[in-house]
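>>> Below is the structure, and that's it, no one-letter string:
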């Protein structure tokens with residue numbers, strides 16, 4: 001089947017009260033339109049046209065590299081008019097699938113069912129709602145074929161009892177849509193051209209219309225306000241939490257775990273409360289994440305433990321490492337197996353070797369740290385002179401005393417020792433002791449100053 005996807009993304013989203021086009025607002029860290037595009041791409045070799053309007057340039061810019069085509073609806077004259085703008089992009093013999101840029105949670109499997117149903121004629125996606133008030137009802141005949149969509153204001157008492165409602169998502173032969181859409185009438189209260197009118201046209205021409213019922217109402221829920229955005233965010237996070245737990249991950253409170261990207265976990269991973277996973281994050285077997293942590297675009301190997309309130313971004317962590325509490329691993333950090341970055345330690349573009357320890361209250365940036373190194377509290381690598389960044393190299397087995405400043409570029413040899421409180425500005429050879437601090441003087445009979453009257 002040749003599939004042409006048309007995504008309607010021209011609306012302003014007035015109730016969002018934002019300068020950002022509605023379809024660029026995120027759900028799970030991804031713009032809503034991006035989620036719809038991703039779902040469509042998973043259908044296979046599809047051609048995607050996005051109909052833009054309000055904020056068109058921002059939408060084009062954001063998805064310039066996505067491989068989609070854009071057409072502009074300069075006047076918002078209804079859904080039928082919007083889809084008609086894409087008619088020149090319809091391919092010969094294609095089935096056209098109409099989606100909405102502000103309906104971000106529709107699943108690819110559901111769309112596959114809809115496309116399969118459209119092989120015999122138009123197919124629309126519906127959903128059963130406990131309270132269908134305000135929505136157009138799906139009226140079926142005795143053979144369960146869709147006969148019409150009746151809006152709430154036009155429904156009689158019997159029709160109002162129907163709980164199946166129209167989502168607006170539609171699949172139909174492109175040849176039929178190309179014929180019918182230009183012939184739609186705007187003779188209605190809103191003066192708009194409605195896509196749903198093609199259903200009545202199909203029925204009148206005795207072309208069967210099939211209704212496919214979505215399993216989850218959130219699949220077809222749209223976003224028109226911040227409150228609806230938050231509601232769909234929670235729905236997505238619930239789904240993701242359930243998928244993680246089904247895969248064997250322990251979530252100490254599923255309602256307080258947010259995945260804003262892709263989280264891949266090995267066996268027996270444990271995640272405490274209030275953790276956020278952004279971008280692409282991979283956790284190996286037996287990894288433990290403490291409460292209140294943020295992990296972004298990082299990989300943690302098996303057996304690593306991240307203590308509370310730690311941030312890891314664009315970093316690679318080896319096996320059996322210990323991080324935190326209150327540690328920050330900035331981009332470019334690499335920890336070898338068994339390394340430790342303790343409480344209130346910040347690293348940036350630093351490679352920490354096998355079994356090395358930076359236990360507390362230190363900053364290690366632009367550094368190469370060997371194996372078995374011990375870095376004492378309060379140590380900093382002075383890597384920035386106000387213009388350029390320079391590198392610090394610390395050899396295997398070196399011991400850096402507390403409260404030391406290593407002024408880069410500088411190299412500390414293997415097995416060297418730096419006395420506490422030292423400021424190191426030149427090379428220290430292997431196995432040397434370097435002490436660089438003022439000489440201590442003890443003054444007897446010292447009188448503290450007293451406050452003047």
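Right, received. Where do you want to start? None of these values were measured; they are calculated from a predicted model. Numbers count the residues shown, from 1 in each chain.
>>> For residue 24, list the residues it contacts.
Neighbouring residues of residue 24 by C-beta atoms under 8 Å, 6 or more residues apart in numbering: 31, 32, 33, 55, 58, 59, 62. Yep, even glycine has a C-beta here, placed from its N, CA and C like the rest.
>>> Return the subset of those residues lying in helices.
Applying DSSP state H to those, the entries found in helices are 32, 33, 58, 59, 62.
>>> which among those end up buried?
Taking 16 or more other C-beta atoms under 10 Å as the criterion, what is buried in the ones in helices among the contacts of residue 24 is 32, 33, 59, 62.
>>> Mind putting the residues you listed into JSON lines with distance to residue 296 and pLDDT?
Listed next are those as JSON lines, based on distance: C-beta to C-beta, whole Å; pLDDT from 0 to 100:
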{"residue": "32", "distance to residue 296": "21", "pLDDT": "97"}
{"residue": "33", "distance to residue 296": "22", "pLDDT": "98"}
{"residue": "59", "distance to residue 296": "25", "pLDDT": "97"}
{"residue": "62", "distance to residue 296": "20", "pLDDT": "97"}
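>>> Just put the contacts of residue 24 in CSV and tack on distance to residue 354.
What follows is these, written out as CSV (distance: C-beta to C-beta, whole Å):
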residue, distance to residue 354
31, 41
32, 45
33, 45
55, 51
58, 48
59, 48
62, 43
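>>> what residues does stretch 61-73 touch?
7, 10, 24, 31, 33-34, 37, 47-53, 56, 59-60, 81-82, 85-86, 88-89.
>>> how does it look with 7 Å?
Contact partners of stretch 61-73, identified using C-beta atoms under 7 Å, 6 or more residues apart in numbering, comprise 10, 24, 31, 33, 37, 48-53, 56, 60, 81-82, 85-86, 89.
>>> Tell me where the chain is predicted with low confidence.
For the chain, no stretch is flagged by pLDDT under 70.
>>> What residue spans form the domains of it?
The chain breaks down by automatic domain parsing into domains covering 3-220, 242-434.
>>> and of those domains, who's closest to residue 233?
domain 3-220 (5.7 Å; C-beta to C-beta).
>>> Okay, now that closest one: how far is its last residue from its first?
One end of domain 3-220 to the other measures 20 Å (C-alpha to C-alpha, to the nearest Å).
>>> Then stretch 303-319?
Rule used - C-alpha to C-alpha; the end-to-end distance of stretch 303-319 is 6 Å.
>>> same check, this time on stretch 193-206
22 Å.
>>> again with stretch 367-378
16 Å.
>>> Repeat that for stretch 143-152.
From start residue to end residue, stretch 143-152 stretches across 24 Å - C-alpha to C-alpha.
>>> Isn't residue 123 up against residue 208?
No. Under the criterion of C-beta atoms under 7 Å, residue 123 is not in contact with residue 208, lying 9.3 Å apart.
>>> Looking at the two, which is more packed in?
residue 123 (25 against 15; other C-beta atoms under 10 Å).
>>> can you pull the contacts of the more buried one?
Contacts of residue 123 (C-beta under 7 Å, 6+ apart): 114, 117, 171, 210, 212.
>>> switch to 8 Å and redo it
Residue 123 neighbours (C-beta under 8 Å, 6+ apart): 114, 115, 117, 170, 171, 172, 209, 210, 211, 212.
>>> next one: residue 427
410, 411, 412, 413.
>>> Same question for residue 445.
Contacts of residue 445 (C-beta under 8 Å, 6+ apart): none.
>>> now residue 117
Residue 117 sits in contact with 123, 171, 210, 212, where contact means C-beta under 8 Å, 6+ apart.
>>> out of these, who has the most neighbours?
residue 171 (28 neighbours).
>>> returning to what we had before: would you reformat the buried ones among the ones in helices among the contacts of residue 24 as TSV and include distance to residue 238?
Converted to TSV, these look like this (distance: C-beta to C-beta, whole Å):
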residue	distance to residue 238
32	18
33	22
59	28
62	27
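>>> Tell me the one among these nearest to residue 198.
residue 33 (23.7 Å).
>>> I'd say that closest one and residue 23 touch.
Yes. Between residue 33 and residue 23 a contact is recorded at 3.9 Å, counting by C-beta atoms under 8 Å.
>>> what residues are shared contacts of these two?
9, 59, 101.
>>> Once you drop chain neighbours, what's closest to the first one?
With C-beta to C-beta, 6 or more residues apart in numbering as the criterion, residue 9 has its nearest non-adjacent residue at 3.3 Å, and that residue is residue 101.
>>> surely residue 318 meets residue 337?
Yes. The pair residue 318 and residue 337 qualifies as a contact (C-beta under 8 Å) at a distance of 4.0 Å.
>>> Looking at those two, which is more packed in?
A side-by-side neighbour count of residue 318 and residue 337, using other C-beta under 10 Å, places residue 318 first with 21 against 17.
>>> if I pick the more buried one, what's in contact with it?
Contacts of residue 318 (C-beta under 8 Å, 6+ apart): 301, 304, 335, 336, 337, 338, 339, 354.
>>> if I look at the second one, how far off is residue 118?
Which is residue 304. Distance, residue 304 to residue 118, using C-beta to C-beta, to the nearest Å: 48 Å.
>>> of those two, who's got more company?
The neighbour count for residue 304 versus residue 118, taken as other C-beta under 10 Å, is higher for residue 304 (26 against 23).
>>> Now the more buried one: closest residue in space that isn't a chain neighbour?
Nearest one to residue 304, counting by C-beta to C-beta, 6+ apart, is residue 321 at 4.5 Å.
>>> Could you pull up phi and psi at the one you found?
Note on residue 321: backbone dihedrals following degrees, to the nearest 10 are phi -90, psi 160.
>>> my guess is residue 288 contacts residue 306, does it?
Yes. Judged on C-beta under 8 Å, residue 288 makes contact with residue 306 at a distance of 6.9 Å.
>>> So which of the two has more stuff around it?
Shown here are residue 288 and residue 306; by other C-beta under 10 Å, residue 306 has more neighbours (28 against 18).
>>> ok, what's across the strand from that one?
Beta bridges link residue 306 to residue 289, residue 323 when assigned by DSSP bridges.
>>> was I right about it contacting residue 326?
No. Counting by C-beta under 8 Å, residue 326 is not a contact partner of residue 306; they are 11.1 Å apart.
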